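*Asks:* I'll drop the sequence and a predicted model, then ask my questions.
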Amino acid sequence: MFKTIKNALKTPEVRKKILYTLLLIVIFRFGCYLTVPGVDTFTLAEQMNSATGSVAGLINTISGGAFSRLSIFAMTITPYITSSIVIQLLAMIIPSLEKAIKEGGEAGKEKINKYTKILSIVLSAVEAIGIYLSYSSSGIFINPGFLTGLVVVMSLMTGTAILMWLGEQITNKGIGNGVSMIIFIGIISGLPSGIITLWNLIVVNGAISTVGIVTSLAIIFGAMLLVAGVVFVQQAERRVPVQYAKKVVGRKMYGGQNTHIPLKLAMAGVIPVIFASSFMTFPAMVLQIFAADAVNSGTGFLAGLYKFSIATSSSAVGWGYSLANAIVYFLLIVGFTFFYTYATFNPAEVSNNIKKQGGFIPGVRAGKPTTEYLKGILNKLTVFGSIFLSIIAILPMLLRFTTLNLSFGGTSILIVVGVALETVQQLESQLMMRHYKGFLEK
């Protein structure tokens with residue numbers, strides 16, 4: 001990894017892309033500190049410090065603290081991610097979208113990108129209105145009213161549009177993975193607060209605590225094991241061998257080569273976790289907007305549903321709600337992992353392509369037996385991958401009942417490690433393209 005970065009900095013073209021990406025990252029972090037107009041910052045700080053039982057914690061981690069400051073980037077890039085997932089799901093039932101995705105090409109990409117951006121703006125408008133209505137009665141706005149609400153909503157929507165542009169620029173002119181890079185930077189910006197938390201465990205009232213040292217070392221060791229496990233699952237793959245029969249065309253013989261189909265343990269990546277977390281917190285966001293009085297009463301079905309929903313990001317609701325939330329969260333991640341895996345990898349389609357090209361899997365007949373064989377392997381891999389993702393995601397939810405208050409959760413580690421691996425692969429591919437001529441000469 002470090003060798004790849006070193007080689008990238010030595011290459012002028014790749015170095016320019018890295019510097020350009022760093023410039024856009026600085027712009028993103030600067031915008032995280034620009035509070036929207038009409039906000040009383042002192043009241044906002046008090047509200048955010050006391051709002052331990054809201055959905056703010058989950059959003060604030062991904063936004064790099066922008067939500068707690070109610071900056072123009074408070075909604076971060078999540079509306080775009082949600083719209084991307086919705087478009088992919090709609091493509092399974094709308095033939096025109098499915099055709100655009102499968103055909104690919106510049107026209108297909110532009111069409112999908114256009115629909116995704118339009119839906120992102122709509123979702124950002126709904127979310128911005130929800131944020132304003134949720135906090136309009138808390139006193140954080142100086143002159144609450146229609147004009148103030150319009151300015152706040154437009155500012156938040158503009159911030160989301162700017163983030164979409166930054167992500168697009170990083171993807172096209174930077175090192176790639178623009179949207180993932182923005183989320184990555186937002187999450188790792190919480191590292192200093194995590195280090196301060198560990199330091200406060202070691203130094204208590206000016207004295208070094210032996211228990212704090214042991215606890216900190218255990219946390220660091222556990223984090224290293226967790227990262228190693230995530231890297232293993234993200235990189236591990238089952239290679240299904242495929243052989244192609246020889247063909248004689250004229251006086252030349254073609255085919256006869258051996259290849260393989262790489263099936264990853266976590267083929268869906270972190271998308272099932274993001275989708276499941278959005279699904280779990282959605283009821284709380286709706287209830288905050290349309291049933292604030294019932295939620296504030298603390299009793300009744302709606303208040304219970306609200307506590308169940310925010311248990312994903314808060315430990316203030318008690319063990320019962322958190323345990324029920326963790327079980328449902330676990331099942332949702334498993335279900336979405338299977339759903340998204342089969343949405344991106346169709347065993348029947350792969351089997352037909354192998355058969356058309358004159359290939360076969362050793363020991364397996366072409367056609368339906370190959371499809372069933374691939375399904376069996378894919379099911380086993382997906383079961384392991386989905387359970388691993390679920391455990392990583394719910395474990396920090398249970399650890400919140402301890403005295404620890406670390407800024408990194410399971411979802412954060414999954415995203416950070418996944419984006420880091422993808423970025424290194426992007427740099428390696430760009431270096432390989434840059435020195436491709438030299439490789440051919442050797």
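*Replies:* Yes, it's here.

*Asks:* what helix or strand does the residue nearest to L156 when sequence neighbours are not counted sit in?
*Replies:* Sequence neighbours aside, A128 is the residue nearest to L156 in space, at 3.9 Å (criterion: C-beta to C-beta, 6 or more residues apart in numbering). Quick note: C-beta positions are derived from backbone N, CA and C, even for glycine. Here A128 sits within helix 105-135, counting by DSSP states H and E.

*Asks:* Then Q243?
*Replies:* Counting by DSSP H and E, the secondary-structure element that holds Q243 is strand 237-244.

*Asks:* One more: T21?
*Replies:* Here T21 is covered by helix 12-31, with elements defined by DSSP H and E.

*Asks:* ok, residues contacting stretch 337-352?
*Replies:* Outside stretch 337-352, the residues within contact range by C-beta atoms under 8 Å, 6 or more residues apart in numbering are 88-89, 92, 261, 263, 266-268, 271-272, 275, 366-368, 370-371, 374-375, 378, 382, 385-386, 389.

*Asks:* In this structure, what residue spans correspond to strands?
*Replies:* Shown for the chain, the strands assigned by DSSP state E span residues 203-204, 207-208, 237-244, 246-249, 252-255, 258-264, 359-360.

*Asks:* so who does the nearest residue to K117 once chain neighbours are set aside touch?
*Replies:* In this structure, K117 finds its nearest non-sequential neighbour in M164, 6.5 Å apart by C-beta to C-beta, 6+ apart. For M164, the contacting residues are I77, Y80, K117, S120, by C-beta under 8 Å, 6+ apart.

*Asks:* Surely the first one and G178 touch.
*Replies:* In this case it means I77. No: look at I77 against G178 with C-beta atoms under 8 Å: they stay out of range, at 9.1 Å.

*Asks:* quick one: common contacting residues for the two?
*Replies:* Listed contacts common to I77 and G178 are G167; contacts here mean C-beta under 8 Å, 6+ apart.

*Asks:* re the thing from before, please work out which of the strands of the chain is packed deepest.
*Replies:* A comparison of those by mean neighbour count, using mean count of other C-beta atoms under 10 Å, puts strand 359-360 on top with a mean of 20.

*Asks:* pLDDT averaged over that one - what is it?
*Replies:* Averaging the model's pLDDT scores along strand 359-360 yields 83.

*Asks:* And for stretch 71-87?
*Replies:* In this model, stretch 71-87 has an average pLDDT of 83.

*Asks:* likewise stretch 143-161?
*Replies:* Stretch 143-161 comes out with an average pLDDT of 89.

*Asks:* And stretch 278-296, by the same measure?
*Replies:* Averaging pLDDT along stretch 278-296 yields 69.

*Asks:* next one: stretch 123-131
*Replies:* Stretch 123-131 comes out with an average pLDDT of 84.

*Asks:* in that stretch, what counts as buried?
*Replies:* Of the residues in stretch 123-131, those scored as buried under the neighbour-count criterion (16 or more other C-beta atoms under 10 Å) are L123, S124, A125, E127, A128, I129, G130, I131.

*Asks:* picking that back up, in the contacts of M164, which residue is surrounded by the most others?
*Replies:* The member of the contacts of M164 surrounded by the most neighbours (other C-beta atoms under 10 Å) is I77, with 27 neighbours in all.

*Asks:* Go ahead and confirm S120 touches T78.
*Replies:* No: distance between S120 and T78: 9.5 Å, which falls outside the contact criterion (C-beta under 8 Å).

*Asks:* okay, and for the stretch 151-300 of the chain, where does confidence drop off?
*Replies:* Across the stretch 151-300 of the chain, residues meeting the criterion (pLDDT under 70) sit at 246-256, 285-286, 288-298.

*Asks:* Helices of that one, residue ranges please.
*Replies:* All helices of the stretch 151-300 of the chain, identified by DSSP state H, counting those that start in this stretch, fall at 178-188, 191-202, 210-235, 271-290, 292-297.

*Asks:* looking at these, which is buried most?
*Replies:* Mean neighbours per residue, mean count of other C-beta under 10 Å, is largest over the helices of the stretch 151-300 of the chain for helix 178-188, with a mean of 23.

*Asks:* That one packs against which elements?
*Replies:* Contacts of helix 178-188 with other secondary structure elements, assessed using 3 or more C-beta pairs under 8 Å, 6 or more residues apart in numbering; DSSP states H and E, are made with helix 12-31, helix 56-62, helix 146-173, helix 410-434.

*Asks:* what's the angle between that helix and helix 271-290?
*Replies:* Between the axes of helix 178-188 and helix 271-290, defined by axes from the mean of the first three to the mean of the last three C-alpha atoms, to 10 degrees, the angle is 70 degrees.

*Asks:* Pull helix 178-188 out as PDB, backbone CA atoms only.
*Replies:* Extracted as PDB, the C-alpha positions of helix 178-188 are listed here (Å, rounded to 0.1, in the frame of the first residue of the first chain):
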ATOM      1  CA  GLY A 178     -15.500  10.400  -5.400                       C
ATOM      2  CA  VAL A 179     -18.700   9.700  -3.400                       C
ATOM      3  CA  SER A 180     -17.000   7.000  -1.300                       C
ATOM      4  CA  MET A 181     -14.000   9.300  -0.800                       C
ATOM      5  CA  ILE A 182     -16.300  12.000   0.700                       C
ATOM      6  CA  ILE A 183     -17.800   9.600   3.100                       C
ATOM      7  CA  PHE A 184     -14.300   8.200   3.900                       C
ATOM      8  CA  ILE A 185     -13.000  11.700   4.800                       C
ATOM      9  CA  GLY A 186     -16.100  12.500   6.800                       C
ATOM     10  CA  ILE A 187     -15.600   9.400   9.000                       C
ATOM     11  CA  ILE A 188     -11.900   9.600   9.500                       C
END
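
*Asks:* and that helix with helix 12-31, angle?
*Replies:* Angle, helix 178-188 to helix 12-31, by the same axes, to 10 degrees: 60 degrees.

*Asks:* ok, G149 to N258 distance?
*Replies:* Applying C-beta to C-beta, to the nearest Å, the value for G149 to N258 is 64 Å.

*Asks:* for V204, same thing?
*Replies:* Between V204 and N258 the distance is 62 Å, computed by C-beta to C-beta.

*Asks:* try L414
*Replies:* Applying C-beta to C-beta, one obtains 34 Å for the distance of L414 from N258.

*Asks:* Test my guess that I187 contacts L414.
*Replies:* No: applying C-beta under 8 Å, one finds I187 not in contact with L414, separated by 10.1 Å.

*Asks:* Serialize the strands of the chain to CSV and add fields for distance to M154.
*Replies:* Supplementary listing: those in CSV, determined by distance: least, C-beta to C-beta, whole Å:
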stretch, distance to M154
strand 203-204, 46
strand 207-208, 51
strand 237-244, 46
strand 246-249, 63
strand 252-255, 60
strand 258-264, 42
strand 359-360, 56
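
*Asks:* Select, out of the ones you listed, the one closest to K109.
*Replies:* Proximity to K109 (C-beta to C-beta) singles out strand 258-264 among those, at 23.7 Å.
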